[in-house]
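Chemist: Build me a model from this:
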Amino acid sequence: MSHALSVLSVLLLIVSLLPFSYSQHYLIRSCDFVRLQVAYLAGACLLGASVLFYLSNSYYLLGCIVISFVVLLLQANWIYPYTWFAKKEVVSSSKDDAHSIRIMSANVLMSNTHYGKLIKLVKNHQPDLLITLESNETWQQQLSCLEADYPYRIYCPKDNRYGMHLYSKFEIKHQQVCELIEADIPSIHIVFEDANNTEVEAHFIHPAPPSPTEKDTSRPRDTELIILAKALKNRTRPCIVAGDLNDVAWSRSTRLFMRVSKLLDPRKGRGFFNTFHAGYFFMRWPLDHLFHSDEFSVKRIERLAKYGSDHFALLTELTYDPAASNQKQHEDIDKDKAIKELKMPMASKQQVPTFDE
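Modeler: Coordinates of the predicted model:
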């Protein structure tokens, strides 16, 4: 048992140290996804080694105890901002406030045929904006029953698992569908007018993940995040970014996105809201995101019930509040070095439509 714990602690240490590299190979970047699982295993390893050390007084186990403790510290540094113990980055709205914008993001899983379950969620929660990802022509037809409630719609069906559909109760003033980095991987960019006649800029994205079945590198995903962040840095309107980023909230690339764009993450201090994988409780992490500018406070964030997809849907309710006392948390990352290392050399922020006059 002591040998097994020692081997496990060393493996966990390796997994914890690999993401410090700027390598964008999927084997390195996938270590970002499992930080919660690594922390749980390190805690179990620390407990087991401590008990065995107490019973046997074998100093051989001290190394296992020290390594497990170091792993816990390393992982806690990354995931702590998303625990309930951390300070909230975005202030809470009053429960009595009428909601301003309710957004539901759902990666439907293209092969999923439980259309009625998603429709039921939409009707129960009545989002003002619904963004579906991985939606194709079949999903578009099945969701046609929602069209009466959502007079403003943008359709981009695809059979490659990167289709997108946007349903809005708010008037869409400007819109554009782009392929920012890769052909057939679209993003939707809009300016809409909310119930208070405030113009809000919104960007919905779904970059390809680093994986052996997709891309062996995270460079296209990281580049899409970086050029979007740089385009939004000098925004002129309140702004929202949402979608399946195929990246976790605490990774270097997502932290870089927040630092450059100056957008806020309402999950900080409120929980992980792990949206993937819906089928395996022991292998879940936050893949679906919503970021916003500091003119909003947050009324509600909720991970919704299962509907047949490998993702849970994410519902976020924001209140437009220009006087909100939000406090952007410091992101400890070398911004210039990270941009240089992660971005594709020819990509430009000019590809991102911001609809400036």
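
Chemist: Now do the strands in the chain.
Modeler: Using DSSP state E, the strands of the chain run over 101-107, 129-133, 152-156, 164-168, 171-178, 187-193, 199-205, 239-244, 288-292, 296-303, 314-320.

Chemist: And the contacts of the second one?
Modeler: Right, the one you point to is strand 129-133. 101-108, 118, 122, 139, 143, 146, 150, 162-170, 188, 192, 202, 204, 206, 242-244 (CB atoms under 8 Å, 6 or more residues apart in numbering). In this view, the C-beta of every residue, glycine as well, is placed from N, C-alpha and C.

Chemist: before we move on, the earlier item: please name whichever of the strands of the chain is nearest to Lys87.
Modeler: Counting by CB to CB, Lys87 lies closest to strand 296-303 out of these; the figure is 13.9 Å.

Chemist: what's the angle from the closest one to strand 288-292?
Modeler: Strand 296-303 runs at 170 degrees relative to strand 288-292, counting by axes from the mean of the first three to the mean of the last three CA atoms, to 10 degrees.

Chemist: Stretch 135-149 spans what distance, first to last residue?
Modeler: Length of stretch 135-149, first residue to last, CA to CA, to the nearest Å: 19 Å.

Chemist: tell me which residues of it are tucked away?
Modeler: Neighbour counts over stretch 135-149 (16 or more other CB atoms under 10 Å) mark 135-136, 139-140, 142-143, 146 as buried.

Chemist: likewise stretch 231-246?
Modeler: By neighbour count on 16+ other CB under 10 Å, the buried set for stretch 231-246 is 231-232, 237-246.

Chemist: Same check on stretch 111-121?
Modeler: Of the residues in stretch 111-121, 112, 115, 118, 121 count as buried by neighbour count, 16+ other CB under 10 Å.

Chemist: can you give me how far stretch 90-106 is from the chain middle?
Modeler: Relative to the centre of its chain, stretch 90-106 is centred 18 Å away, using CA atoms, centre = their mean, to the nearest Å.

Chemist: ends of it, how far apart?
Modeler: 23 Å.

Chemist: With stretch 184-198 instead?
Modeler: OK, stretch 184-198 end separation, CA to CA: 32 Å.

Chemist: next one: stretch 164-177
Modeler: End-to-end distance (CA to CA), stretch 164-177: 10 Å.

Chemist: related to what we said a few turns ago, now, which of the buried residues of stretch 111-121 lie within helices?
Modeler: Judged by DSSP state H, helices contain the following of these: 115, 118, 121.

Chemist: burial count for Phe53?
Modeler: 17 (other CB atoms under 10 Å).

Chemist: which residues touch the nearest residue to Lys88 once chain neighbours are set aside?
Modeler: In space, and not counting its chain neighbours, Lys88 is closest to Gly269: 3.5 Å by CB to CB, 6 or more residues apart in numbering. Residues near Gly269 by CB under 8 Å, 6+ apart: 81-84, 86-89.

Chemist: quick one: which of those has the most company?
Modeler: Tyr82 (23 neighbours).

Chemist: The stretch 201-350 of the chain: helices as residue ranges?
Modeler: 219-232, 252-261, 335-342 (DSSP state H, counting those that start in this stretch).

Chemist: For these, give me TSV that also has mean pLDDT and distance to Gln175.
Modeler: Formatted as TSV, these follow (pLDDT from 0 to 100; distance: least, CB to CB, whole Å):
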stretch	mean pLDDT	distance to Gln175
helix 219-232	95	16
helix 252-261	94	21
helix 335-342	82	29
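
Chemist: For these, could you give me CSV that also reports distance to Phe33?
Modeler: CSV is the format used below for the helices of the stretch 201-350 of the chain (distance: least, CB to CB, whole Å):
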stretch, distance to Phe33
helix 219-232, 13
helix 252-261, 11
helix 335-342, 17
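
Chemist: of all the ones you listed, which lies closest to Gln24?
Modeler: That would be helix 219-232 among the helices of the stretch 201-350 of the chain, by CB to CB, at 4.9 Å.

Chemist: Please identify which of the helices of the stretch 201-350 of the chain is closest to Asn57.
Modeler: helix 252-261 (41.5 Å).

Chemist: Give me the contact list for that closest one.
Modeler: By CB under 8 Å, 6+ apart, helix 252-261 touches 19, 32, 218, 221-222, 225-226, 228-230, 232-233, 241, 245, 247-248, 263-265, 289, 291, 331, 333, 335, 338-339, 342.

Chemist: can I have it written out in CSV, keeping just the CAs?
Modeler: Output in CSV follows, covering the C-alpha atoms of helix 252-261 (Å, rounded to 0.1, in the frame of the first residue of the first chain):
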residue,chain,number,x,y,z
ARG,A,252,-3.8,30.1,-18.1
SER,A,253,-5.6,30.8,-21.4
THR,A,254,-9.0,31.6,-19.7
ARG,A,255,-7.2,33.7,-17.0
LEU,A,256,-5.4,35.6,-19.8
PHE,A,257,-8.7,36.2,-21.6
MET,A,258,-10.1,37.8,-18.5
ARG,A,259,-7.1,39.9,-17.8
VAL,A,260,-6.8,41.3,-21.3
SER,A,261,-10.6,41.8,-21.9
